[in-house]
Structures are given as structure tokens and as C-alpha cells.
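A.B. asks: compute the structure for the input listed below.
(chains A, B, C, D and E)
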Amino acid sequence: MTPLQTLPDWAATAPAIVLALTGLLLLLIDTIDPDTSNNSLLAGTATLGSLAAGGIAAWFLLAGTGMEETGGAISLYGDALVVDGMSLFFTLIFTSVAAMVSVASYDYLSDQRYQGEFYSLVMFAATGMTLMAMSNSLATVFVSLELASLPSYALVAFLKKDRGSIEAGLKYFLIGAVSSAVFAFGISLVFAVTGSLVLPDVAAGLSDADQLVGVLGLGVLMIAGGFAFKTASVPFHFWAPEAYEGAPAPVSAFLSSASKAAGFAVAFRVFTVAFPLDIVASLGGGGVDWSILFAILAVVTMTLGNFAAATQENVKRMLAYSSIGHAGYALIGLAAITVDGGVANGDVLGASMAHLLVYGFMNTGAFLFIAMVEKWGIGRTFEDYNGLATKVPIAATAMTIFMFSLAGLPPFGGFVSKYALFYSAIESGFWWLAAVGAVNSALSLFYYSRVVKAMWIEEPSKPLEIGSQPVGLYVAVIFAAVGTVLLLPGFQPVIETAQTVAAALF
Amino acid sequence: MIIEALIAVTFLAALVTFVLPDRYAGKAAFALSLVPVLGSLLMWQQYDASGNALLGGNIAFETDVVWLQLGQYDLHWMVGVDGISLPLVVLTTILTTLAILSSWTPISERESQFYGLMLLMEANLLGVFTALDFFVWFVFWEAVLVPMYFLIGVWGGPRRKYAAIKFFVYTNIASLVMFIGFISLVFGLGDSISSLRLPEIAQALQAGQLSGFAGLSASALASVAFIAMFLGFAVKVPVVPFHTWLPDAHVEAPTPASVMLAGVLLKMGTYALLRFNFTMLPETARSFALPIALVAVASVIYGALLALAQQDLKRIVAYSSVSSMGYVILGLIAYTTYGVGGATFQMVAHGLISGLMFMAVGVIYNTTHTRMVTDMSGMADKMPVTAGIFVAGAFGYMGLPLMAGFAAEFFIFKGAFESTVMAAMPLFTGAAMFGIVIVAGYLLFAMQRTLFGPFEFDGDYEITEAPFHDVAPLAVLLLLTIVLGVQPDIFFTMIQEAVNPILELGGAF
Amino acid sequence: MTTTLQATTLPDTISGLLGLEGVLGDVVGGLIGAFIIANIMLITTAIAGPWAKRKITAAFGDRIAVNRIGPFGLLVIIPDAVRLMSKELIVPEGVDRPAWDLAPMIIPFSALLGFAVIPMGSGIQLADPETGLAFAFAAASIASLGLVMSGYASNNKFSLIGALRAVAANIAYEIPLVITAASVVIFAGSLRMSEIVAVQAEPLLTVAGVSIPTWFAFVNPFAFALFIIANLAEIGRNPFDIPEAPTEIVAGYQTEYSSIYFVLIYLGEFIHIFLGGAIAATLFLGGPAGPVLPGFIWFTIKIWAFFLFTQWARSAVPRLRVDQFLEIGWKGMLVLSFANLVLTAIIVGVIA
Amino acid sequence: MSDWIAIGAMGVVAVGLPLVMMAMSAMLRPSVPEQGKSATYESGEVPTGTARVQFNIQYYMVALLFVVFDIETVLIFPWTVIYRSALEQGASLGTILTPMLVFIGVLVVGLVWAWRNGAVKWVKSPQANRRKTERQDA
Amino acid sequence: MVPGQYYLVLSAAVFCIGLFGLLTRRNALLFLMSVELMLNAANINLVAFSYYWGNVTGQTFGLFTMALAAAEVAVGIGIILVLYRNFDGVDVTEATTMRW
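C.D. replies: Numbers count the residues shown, from 1 in each chain, chains lettered A, B, ... in the order given. Okay, here's the model as predicted:
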């Protein structure tokens, strides 16, 4: 690991820096000539920037930056940020999603104004997510969470002539604002009890929190609420269908994949580092056993998401609900942590992370396909998708791959990641969680296959007019599809990395 | 590495075909599918294994690398063939090629997609028959469903949506049940295994490593797992009473898909029964001999009776498949060399013959656009070659000596009579033999009504002899049937070699 | 480090005189001190508003203004006060009542509150919190709220436009103002008003035996200029008096006010001018420091100098157009103030 | 603590004085209600419609810009306060100055972007433009 | 007992007022104000306990919270503006083109 050790410590945040600089660069490009927008230049810059950031993250990950073999996590700025395997792993998710979204937006935005702003907002949101994954203090958690959220609000409401987009943006913003207020209040309560915001110090301060265990519990609950919002889990999930349905589809893709993953990244770190289960559960007054909370949330979230998805007629909305369901699966990672879990804790957390990576590909791809459909102006319901495969077989194949992978059918990445997740849950002794998850997966096949059925089997109810063949969207969708497929044979390095880096948290 | 190469080449061929323009797709797919045929023949030629792959035998073309290390059980990429799987691999490649050839006429829309899916299915089928790790096997097992779902759903008949969904839902639920059964077995084995490789699991089970799980004793667990897996596979086979998806799927499916469905997909079920239930849990299998034999005989008789009642040629052939699969089950439960070996041989034989029958029905349908027995008669006048092959195939089905069907059924009956799993076996065998009579009944009935007699046809289509590329696959299949009938040892020797270790388990002799 | 230099605050002195201690002493001392300071400002304003303004404007126009009552007409203040207070209060139709009534209170409130932290010399400083400077700016900014309330509540289109302009002006120049002040804080290293003043007491250089103190106006004249300009805009005087702009929009936000309400708004604006002068004096002119005379006198001289400056500007400089006004704020002042801040930081860093 | 008590006292006085003046005025002033008086003054014209009209979007833009920039000053102030003493205590110029330069640099990029995109450009209404051209034509 | 409890009660009260406001008001701007109240409740806690624990962590974070609250308002106002243009009002319950 020679080259890395010669770099200064702050260089470990290079992915975030690159993303932020890309965002600024986009603003500058837009500044030079605000009246015209060179779409390919903007999209290209954004894509290259996120790819560069992703490349750096991958390089660091391979080189073992911040992992045990090179001397452990790199802590920066008074422990406010920490670069370790987990943060790099999540950075990889964010950047790959951001790259796909950037490429896809090239076509989606071709007749929109304010393109430079769009891309730079995406980049800034990605920066915020990257920082979220690195946050080691409740302060940076909150700040980076807002940095990720604020551009997202604007992105959702980006189509300012479209009532759906505005409504989505409004609802997303309102609930986001409330939840961030709740989150901040939770942080303040935790600070009141422990006197620190840095996660390990919070854990250290918990020991004498017996007196105020009620306040602490409330604080933890509120912090969990903040994460529930970011990850679109029950009880702060109800913005998700609106926001995802109304938002421009690339933004939906971005939010439902990257933003969700970011929420999980920070939730994983906060709950495992700041509120270690063995300490908080043994506090007086019954303690604060958050794993039970998350177990309940996980079950409710996945069940609710799946059942609601099954009743939808609008494909985008169905995907929105399904994304709630997937939040439930990923929550297993926190729910299945036990006091004396040892290795199993890291395994299940890692499996959850790996699932999020796979999810990043398949879900982004699915939403980008919808972006393509929106671009064609075909319609939004299942009926409108009828017979699409006759016109655009390749895109339809990609969508089929996404749908089956999301449902967890075998030949795709989603299957193996769900398997890893449920298996790890069983290994931790939470077989009932795995069982609920498996049943939900089976149920989800129903509504996912409706899309497939509509595209391939149904006759078009009206003549389909496919205008253009958007190159950027095609590239992004096919990239996502290939990624989804290749993650089946290539799952070993992913899960291995994820579980290694997750184990470092305990 | 030849197996990986085979699967990869087939996948690639599927991809290439998928993006080709419709005009070239059929011919390209046919040409491309010859590569796996040659590959599988090469494997057959270089085959050097002995014994059963699961029971410590020497595995041919074996690859075993760690794929996924996850918790206690590693997942391996383990493939290889033994005497049971190689014939099925060869069957798959040959039948796919012929099915592709036979689709040139009936498939006229979205051709590149159709042929792409056919090749994709072939690749997955090869995976199913060669995988020796449960996980890999399961991946391929499920993956087969997807192309089949589309083949039925897109290119099928009027009720294709219903049929496709029914097929998909039935088989998927079955897979889930089977999966649960198998996984509970794995958990029952606890620490005695470190991976999901089938040989390892089978050998651990033979070594009596099974312990209780989830409040069940070891034997109870074995029974539960056996039942779950049996139910799961039984849907795929299918046996009565889980057969209801089959006629729907067959009737609605386009001819080539029917060929693949009857010829290969059904064999997945029996193959899995042999590999999992009867190899891994022989004791349990024996203890369930009575119900299994009952089910087998019920399938034989009931399937045949249903076939007798049909007016639709395709439905007749479809129900006859249920009947034929009953023989396979009977042979498996017999637990004798000839029984199990004959069952395996029947898988191949039935694959060829049912493929032949479906193709023949398809050729007739291509010309007449109807499959109803009542709609036509005297077709032999107009289509002598097709009719001839049809008749020959039907006789093969009925068990005419010197044809593969005869050999297979002969082996099964011989094995079943010899069986010692229970006293009443000869009785069941006798009952099953009665099925042959019914088969002869409905096939002769159907042929007599459609092929012979004065020519009559209600449609406004001109009836002429089918084109060469339609008849050629029929001829090839007929030829293969005869070859296997005359010289069953081509496969039967290696099958026996692979089967015998199973029979030695638990002191069958 | 400078606690020794810090004079005791006015309430402490008063409570000391009264012999009160603890919270009671703080409260009583604070109230009395506040009353004294408020009255000082009222008197100052009373002189400035009805009298000085007229005289100065007249002088610029070569006219004679009030000269009938008292010396130089100085006693005109009293009849003016009575006249204004006893006028009928006309409430126009459709006003938004609570807001309309509250606005005249908020404007003087904001300005008076700002004086709570200003060191006026001779121990006249009501409070000296650590965050004094920030507080002064914060208190001064409350006035915008009053302006927008008055403008919006009046149900008059001119008022509304005036209020919007007032807010736009305030916010456009608030940032340059604060950023420029920040560059002073870099020198002073504290937000405490007394410390800022104390730092300026140190000698900068000695010319012919006269020691020139480190008033930041000398140290950083660029910042001083920026600050004064921004300050002019903040308090809405020429050339930045677009919120009132009598020739365009009658009298802006105060169009509909009469009687005592008008007095209060007018009063508030004048106190605001003096507050601006006081902040400028504290930050850049050494606060109450000066040779020979006592601090309070120097302080009074400085804020009056600023007042005179505004009156000069009123007569001498034409009013900007609203678009020019905002462009100067956002494109000129803001950039310059950031440049000033960065340069100051670099220079201080390099020197230190 | 006493500082804030004093400031509170100032607040009380600053509210009290206007109230006292209002009370005095209320005792002195007459009230002669008359319809003409209560009309709002619009340079002698009869007022039409409400005054709560939609106004130039530019005011919002400027306000939004302000919210962002003003808050940045909150973050700049702590830095200015400690800047000098930190330098005196031996912190290197790079660690104490660079972050703020980056911060201000980001702000400036934002400002320049807003500038170029017309956030601070006073948009003339179409009516005003028309009048201007008419005047030129005449 | 912990003197900080008074602050906790105060901040909880402010928080609840904010919560009440946002549950009962349908005007988007009032909603924003309510959220501001909730954030300020957090600030009360942070500053009070920063004093109690004798470190400046809480105060510093309070500054950040304020900055973020302002940024949130900036974005929120922008969204409310376009809401007004598209739905002719700032009633948050008006916008219902999508069903819940």
C-alpha cells in the first residue's frame, strides 16, 4: 500500500471533494453562458465527475484505505469525519447511481431549461450522501443529511410547470423539513444526555445516562425517525410514493437508490457506533433496545410497501411502493443485530449493504426505464406499457431483468443479495424476519411480473408511437442491466468487502 | 472447462440472436445451436466418469471453485456430469436444435426474440443438468422458467396469458416449497457440511449426520424435507394431482416450446427427484414407497384416461406425457438397477418421442391450422411423409420393440417387478402396464381418425406436404429413437454405472 | 486580556450608587440605565429631527429655516412635538390592524435596542455582552420587520412598494455591512464592543509627538469607506433613499401614517441614523476615544458627524434608481466586501 | 448575566416609551371620522382595488439570495473572532486561512452563478420596455 | 436534580408548539415557521447543554443548525413559490393531483 501512505490524510475524502468540485465546475460552466446549455458538455462533466469519484473510491477500497490492514479508519477534522471501508463502499453506490442518472438525464432534460443547475444539484446531493457515509459525528450527520436533502427537494420539484412535480416536491420538502427538525431535536436530546456529538464519545457518555434514560430513548427514537424519512421506511414513508411518482424519473431513480442507501449508511454507523446495543440495552429502566424497534419497522415497512405496490395501476408509483418494501429488507441489517451476535452482526449488516449496492443498480435501471417511457410520452399505467417489447425489445429486456431481479428471481443480482440478506438474518437467529422477507419477496413477484407481462405479452391497447431512441438513457439502462446480471457471478467480492467493512463497525 | 464453455457459448448465441434482425434470426439460431450439439457430443465421446456424481463417483469435466463465501455455507461453482446427467445434456442440445428448426414455419413475428429465448433456455437447461452445487443448480432451475414464460406468453395461442401465468405461478410456488424443504435439510445437517455442494450434502446424509432442526427429530426432518421436495418436483414432472398446469401450457404454447417443455423441462423434475429425493434420502423414499407408487400408477392410468377423452391432438400428447412420467416415478421407486436406470433411460426416450409427437402435431397444425381430431381425416393422403413419421412415432410411444420407448418401458417394468421395496410392487407394476393398453387405444384412435380414411377437411387451407425443414427434425428424432431402441447401451451402460451406487445405499440388495 | 480596560457598565454604576445587589440591582440598574440612554437618544433625535435637519437642508439650499422661537429657532421642537401628538390619527380603509399598529412601535424599538450595547464613553454603556457587535446588527435589522409591516398593512400601493424596496435595500446591503464589520473583528479578535474600542486605543504611529491611535478607519480605510456606504443604504438615506423616494412613491411605507404613529416612525428612523453612526464610530473611529474632551462628548461629536454626513448626502447626491441600487449592492459592494475580508485576513495572517 | 438583564431592560424601555407616547397622544388628539379621510392616498387618484397585489419576482429572488448569504456570515463570524488569537497561538496560516478561503470561494462561485443567471438583475416589466421604445420612437 | 431539566421542558414546549402548528395549519408558510420553531427547540437544548457540559460543541452545532434552517427555508420558499404559481395558493392540502 505504498502510494496511499504518502498521501495526506485529508486526501481520503477525495471522492467527496471530486463530487463537490464537479458540482462547482458545472455551475461555472453554466455561469459562462447561462442562456444556452450545452447538454452533452454538462452531462459529460457530471458523468465524468461521478465516475472519477467512484473510481477513486474503488481504488481506495482495493488499496485498503481506512481498513484494518492499513491501520484502521482514517479520522479527520477532530473525528467529525471518518473514512473507512464502509464509507467507501457506500460512496461506490452513490457515485455509480449518480453516473447513471447523469448519463440518463442527457436525454431526459434535452428540452428543459436550467440543465446546468440540475446536474450540479445532483452532484451536490451526491456529495452530501458521500459525506453522510463518512460522518462520525451527529453534527456532520445532520449537516451532510441536509446537504443531500436540500438539492433533492429542488430536484424533485425541478419540472416547475408540471403540477405533479411541484406537488411531489412540496410533499417531499414538507415531510423532509419536519423530519429534519425531529432529527435535530433528537440529536439535541442525545447531546443533552451524553454531552458529545462525536459518535464514539456518545457511546462513551451513555454509561452515565441512567438518570435520563427516558430522554435518551426519546432522542434515539427521534433520530431513528430521521433515518426513517431518508430511507423511506415506516413511519416516515408516505412522502415516497408522491415524491417518486411526481419527480422527474431520473431524480426518482437517484432518490430511491442513492438517497436511500445514504440514509442506511448513516443509520448503520450511528446505531452501531453511537448506540452500541450492548450498552444501550443494558441501561436502567429497560434500556433502549433499538433492534426490536427496527425489527418491527422492517416487517411493517416491507409488508406495507409490498401490499401497497400490489394495488397500484401506475408503474412509477408501483416502483415507489416497492422501493419502500426494499427499505424494509435493508432494515433487516439493523434489526438482526444482537447483543452477543459477534461475527453474525457484521455479516447481516454487510449483507444489507451488499443488497443496497445491487438495489442501486436494479432500481436505478427500473426508474431510468420509466424515464425513457416518459420521454416517449407513452403513459404511466400498466396498460400503457402493453406491447412495448414489440417496439423496443432491448430496453424491455433490460426492464425485465430489473423487475425479476427486484423480485429476487434467480438469474440476477437481486436474488443472490436477497439470499445473502435472509441467510445472514437466519444465522443471527432472526429466522422469522427472513421468513417474512421471503414471503414478501414471493408476493412482490406478482406486481413486478405485471410490468413484464404488459410489455411482452399484452397487445398494445393503442398504437404505440416511439419517437426517438434516446442514446444516453439507453446507455444508462443497459449499463444498469449488465450490472444487475454481472452482480450474480460477481457477488463474492461485493459481499466479502461489505461484510469485512461492516465487521469493522463492531 | 468444457461445460462452462458450453453454457457460455449458448448464452452468447442467445444474445447474438436477440439483437439480430428478424430475417436472419431463425437460420442464425439454428447454426449457432449446432455448436452446443457438437460440444455435447464431444463430451459424450470423451466421457470418462464412473459412479454417481453425488455418491463419491468420478465426475467428468468437473469444475469446483468457491463462488460465494457467506456465513457457514460456502457457495461453489461446481459443475460436472455423470451417467445420469450426460444423456440429458445431449438430449437438451439436440432437442433444442431440432426445435429451433421446427420453429421456422410457425414463428413469424418477433423472431429474433423467440430464438434468443430458445437459446437462453437451452443455456439454463444445460446449467440445470450439470450443476452440482445446490445454489448454482437452483439459479439455473429458476432461470429456465423465465424464457419459457415468455415463449408461452408471447407466441402462444389464444389463452396464452392465462397459461403462462398458471405455469409460472405453479412452478414458482413449487420451487419455493422445494427450497424450504431442502434448506431445512441443510440446517438439519448443521456443521457437518461446509458448503451447498450436492455431493457433500448427499454424502453427509449417507453418513447419518442429519440431526434434528426446529423441533423435529432427524427422521421427522428427513420425512418433512422429502415430502416438501417431492411436492416441489412433482409439480414440475408433473404427477397427478399437480398436473393441471401442463395441458394448458402445452395447448397454448407454440409447437417448439411444447417440444422443449415436454422433451426437456419435464425431465428437470424427474432428474431432480432422482438426484435429491431418491439419492439423498433413500431410506425415507423407501418408507414412502406405497404413496409414491400409488401416485405413479395414478399418473399413468389417469393421464392415459384423460388423453383418451381429448379431441385436441396436442392435448392428447400432453396428457400422454403425464402418463409417461408416471412410469419414470414407478421406475425410480422400484430401487433396482433396471427400475432406476430404466427411469433415467425413459427420460431420454420420452424426451425424443414426445418431442417427435409434438413436432408432428405442429407440422399438421401448420398446414391445417387446427388440431381438433374431429376437424380432419385422411391427412395421410396429402402429407404422406409427415403421417408416416407420425405413425412411427406413435408406435414408439406405444412401446414398439426396437424403439427407445420399448426399451425404456421394458427396463422399468422389469425393474419394478424385481423390486423389493414392498411386497405389492408387482401389483402396481401390473396396474401400470395396463396403461400401455390405454396409450395404444388413444393413439390408434387419434391416428385412425385423423390420418387415415377418406380425406376430409373443413378449412380453406390447401393441404400439402410440409417443407423439408419441418420434416427433417421429425426424421432425425425418429432415427435417434430407433438407434436408442436398437442399441440402448449407448446410454444405458453409463446410466447403470451411475445408478448402481444409489441402489447400494442402505443395503437394497 | 482587556478586562482591566473595560469600564463598568452603566447599570452597575447605578445599582452601586443605589446600594442594590444581585438580580434586583441588575433589574433596577438596568431599567434606570436604559431609561437614561433612551432619553439621551430621544433628546438627540428631537434636536436632529425637527430642527437640525431643517436648518441643514436650508443651509444647503441657501435658505433660512426655523428661526422664530428660541435661539436659532431651537425651541420649535416643543410646539412641533405637541402639534404632531395632538393630530388626529387617521386610519385608512382596509388596513391590517394589528400589524399597522405594531409597526410604529417596532421601528424605534429596534433602534433603541441597538444602543444597549454601544459604549458611549464616560461609563455610559448599558451592557457589554460578548456578542455585542452581532447583537447591534441583529437589533438594527429588526427595523426591516417594522418597515415591511407598515408597508404591507397600509393597504396602499405606494406603501407596499416602499416596504418592498426597504426590505430589498436592507438585505442587499446587510451582507456587505456585516462582512466589512467582520474584517474589523479580525483585527479586534472579539465581538465585545468595549474590546473593539480598547484595541483601537493602542497607538498606531507617532507623528511629531502626537500619537495616532489604531482607529480602524486609519488602519483599513477601504473597509471604512465600504462600511459607511453600506451603512447609508442600511438606514435608507441618500443616495440610497429609494424606500421613501418622495418623488416616486410619495413617502413609501409611511405614507398612510399620521399623528403619533408618524412621529414614532420618524423618530425610529432618526435613532437608526444615529445607531448607524454609533456602530461606525465604535468599529472604525475608536468609539468614544479622543483627546482632551470626555468620552461622551467625543462620541456625540462622532455620531453627529455621521448625521451631518447623511444630511450632506441628502442634499448633494442624487438618488439612485432601484435597479442601480440593487446592482451596486449585489455586484459591487458584496464582491468588494468579500475581497476586503479576504485581503484583511491574508494581510493580518502574513503580518502576524 | 447582568448584561442581558440590562438589554432586557432596554427592550422594556424601548417598548414602553412608544407606548407612553401613544397614550399621551390618545388623550390629546381629536377624532373626527369622515369618509374621505379614510381613503388611502394615491396621489389624489381614487384608489382602485386592493394593494395586496403580486409584485416583481425580483424581490423574492433577492430575498432568497439574502437568506443564503446572510447565514454564511453567521459561520464567518466565529472564524474572524478566533483568527488572530489562533495565529498568535501558533496555528499555521494554512490550517486557519485555507478552509475559510475555500468557504468564501464556494460562496463566490454561487454568487457569480446567481449574477450571471440574472438573480440580481432587475428585470424590467414588458410594459416598461414598451414605454421606453415608444419614447424613443417619438 | 439536573438543572438542565428546565431547559428540556422549555425546549419540549417549543417543539410541541411547532408540532401543533404544523399539524393544524394548512398554509405552507405557517408550516415553515412551525418547522423553524422545532429547529429552534433543538437549538435551545444544544446551547443549554453546551453550557451544562462545559464545551462549545453544542453551540457550534447550533450555528450550523441555524444556517441549515435558513437554507431549508430558502429552498422551501422556492418550492412554495412554484406551488403558488401552479395551484394558485399556498394551502398544502390543495395539491392533490396524485392520490395518497
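A.B. asks: give me the neighbour count for the residue in chain C positioned nearest to chain A.
C.D. replies: Going by Cβ to the nearest Cβ, chain A is nearest to C:K331 of chain C, at 13.6 Å. C-beta coordinates here come from the backbone N, C-alpha and C atoms, glycine included. For C:K331, the neighbour count with other Cβ atoms under 10 Å in any protein chain shown is 15.
A.B. asks: mind listing what's buried in stretch B:482-491?
C.D. replies: Neighbour counts over stretch B:482-491 (16 or more other Cβ atoms under 10 Å in any protein chain shown) mark B:I482, B:L484, B:G485, B:P488, B:I490, B:F491 as buried.
A.B. asks: and the contacts of it?
C.D. replies: For stretch B:482-491, the external contacting residues (Cβ atoms under 8 Å, 6 or more residues apart in numbering or on different chains) are B:83, B:86-87, B:345, B:348-349, B:352, B:396, B:401-408, B:411.
A.B. asks: for chain E, see how far away the residue of chain C most remote from its centre is.
C.D. replies: Ranked by distance from the centre of chain C (Cα atoms, centre = their mean), the top residue is C:A208, with 35.1 Å. Taking Cβ to the nearest Cβ, to the nearest Å as the measure, C:A208 falls 47 Å from chain E.
A.B. asks: report pLDDT for that residue.
C.D. replies: As predicted, C:A208 sits at a pLDDT of 71.
A.B. asks: dihedrals phi and psi, it?
C.D. replies: Main-chain dihedrals, C:A208, degrees, to the nearest 10: phi 50, psi 50.
A.B. asks: give me the subset of the contacts of stretch B:482-491 touching chain C.
C.D. replies: Among those, not one lies near chain C by Cβ under 8 Å from any Cβ of the partner chain.
A.B. asks: mind checking which of these are buried?
C.D. replies: B:83, B:86-87, B:345, B:348-349, B:352, B:396, B:403-408, B:411.
A.B. asks: just give me the closest of those to B:E4.
C.D. replies: Comparing the buried ones among the contacts of stretch B:482-491 against B:E4 with Cβ to Cβ picks out B:L86 as the nearest, at 15.9 Å.
A.B. asks: can you say which helix or strand has that closest one in it?
C.D. replies: helix B:85-102 (DSSP states H and E).
A.B. asks: run the chain-centre distance for that helix.
C.D. replies: Relative to the centre of its chain, helix B:85-102 is centred 11 Å away, using Cα atoms, centre = their mean, to the nearest Å.
A.B. asks: what residues sit buried inside that helix?
C.D. replies: For helix B:85-102, by 16+ other Cβ under 10 Å, it's B:85-102.
A.B. asks: run the contact check for the lengthiest helix in chain C versus chain D.
C.D. replies: The single longest helix within chain C, with elements called by DSSP state H, is helix C:157-188. Yes: interface with chain D: helix C:157-188 contributes C:157-161, C:164, C:167-168, C:171-172, C:174-175, C:178-179, C:182-183, C:185-187 (Cβ under 8 Å from any Cβ).
A.B. asks: tell me where the stretch 351-500 of chain A has helices.
C.D. replies: For the stretch 351-500 of chain A, the helices defined by DSSP state H, counting those that start in this stretch occupy A:388-391, A:393-407, A:413-427, A:431-456, A:471-486, A:491-503.
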